[in-house]
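Q: Provided below for reference: sequence and predicted model.
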Amino acid sequence: MSDSNITDSFDVPLVLEAVAWLRAAVGDRLAAARAATGGVWQLVDAIPGSGPWGIQADYAHAHEAIASWGADGGGIERRENGAHIEANAPGRIIADAEFHLGLLNLHTPQQQNILRWVDDGWRSVPFVTCSHCDLGDPYQTVWMGYPCATINHLFHAHRHLPGYRPQYAPLPATPPPGAPDER
Ligand SMILES: [Zn+2]
């Protein structure tokens, strides 16, 4: 790693590993969402036999119970948690994952060689930059590296998924004003 806070884009294997991890992690989310019951998930009152509220999928002209109110391990106790499940219905996760894969397909790592002072001379060394953000200006390209800001944010957004390494996205994505504590 370099002594800057930016991913060392001269470490080509690390950059490629990071991108492969992110693509696989997003792919896993997509596959899990596609395997779940589709349709519209709704938090509704009074599903028969499910207590005061529950979540059902309106799928293929039929209703499927997804979760229900409960306590002592028998279901979801807090309605807010039920609302969160509803908000993360498979269709929404699929849309998010497709968007993220689209960003990855747009901002692909681009390998090239650039001149770098190594030991006591200028040498042509491997380097990775972003195929979308690299404007072709050698004076910018040299310092742009990978991940670009967009993909860095994407890495940061997936930091809770298994296999994430902090060096994949060393620049913390800037939290919005008034953002709550780190989760
Ligand atoms: Zn980019």
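A: Thanks, I have the structure now.
Q: Student question: in the chain, what's the helix or strand with minimum average pLDDT?
A: Lowest by mean pLDDT, DSSP states H and E among the helices and strands of the chain is helix 138-144, with a mean of 59.
Q: Could you say which helix or strand holds residue 82?
A: Residue 82 is located in helix 79-87, with elements delineated by DSSP states H and E.
Q: Other residues contacting that helix?
A: Applying CB atoms under 8 Å, 6 or more residues apart in numbering, the external contacts of helix 79-87 come out as 41, 42, 43, 53, 54, 55, 66, 67, 69, 76. For glycine as for every other residue, the C-beta is placed from the backbone atoms N, C-alpha and C.
Q: Return the set of buried residues in the very next helix or strand once past that helix.
A: Of the helices and strands lying after helix 79-87 in sequence (DSSP H and E), the nearest is helix 90-106. For helix 90-106, burial by neighbour count (16 or more other CB atoms under 10 Å) applies to 90, 91, 93, 94, 96, 97, 100, 101, 103, 104.
Q: what's the answer for stretch 75-87, then?
A: 75, 76, 82, 86.
Q: re earlier: the ion: which of the contacts of helix 79-87 is nearest?
A: The nearest member of these to the ion, counting by CB to the ion, is residue 41 at 33.5 Å.
Q: Just give me the neighbour total for the closest one.
A: Residue 41 is flanked by 24 other residues according to other CB atoms under 10 Å.
Q: Tell me which residues touch it, please.
A: Counted by CB under 8 Å, 6+ apart, residue 41 has contacts 55, 56, 57, 66, 85, 86, 89, 90, 91.
Q: what residues does the protein put near the ion?
A: Taking CB under 5 Å from the ion as the contact definition, the chain meets the ion at 107, 130, 132, 133, 148, 150.
Q: 8 Å instead?
A: 106-107, 130-134, 146-151 (CB under 8 Å from the ion).
Q: Which strands or helices does the longest helix along the chain pack on?
A: Using DSSP state H, we find that the single longest helix of the chain is helix 12-35. Counting contacts by 3 or more CB pairs under 8 Å, 6 or more residues apart in numbering; DSSP states H and E, helix 12-35 is packed against helix 90-106, strand 109-118, strand 121-130, helix 149-157.
Q: Fine, thanks again, bye for now.
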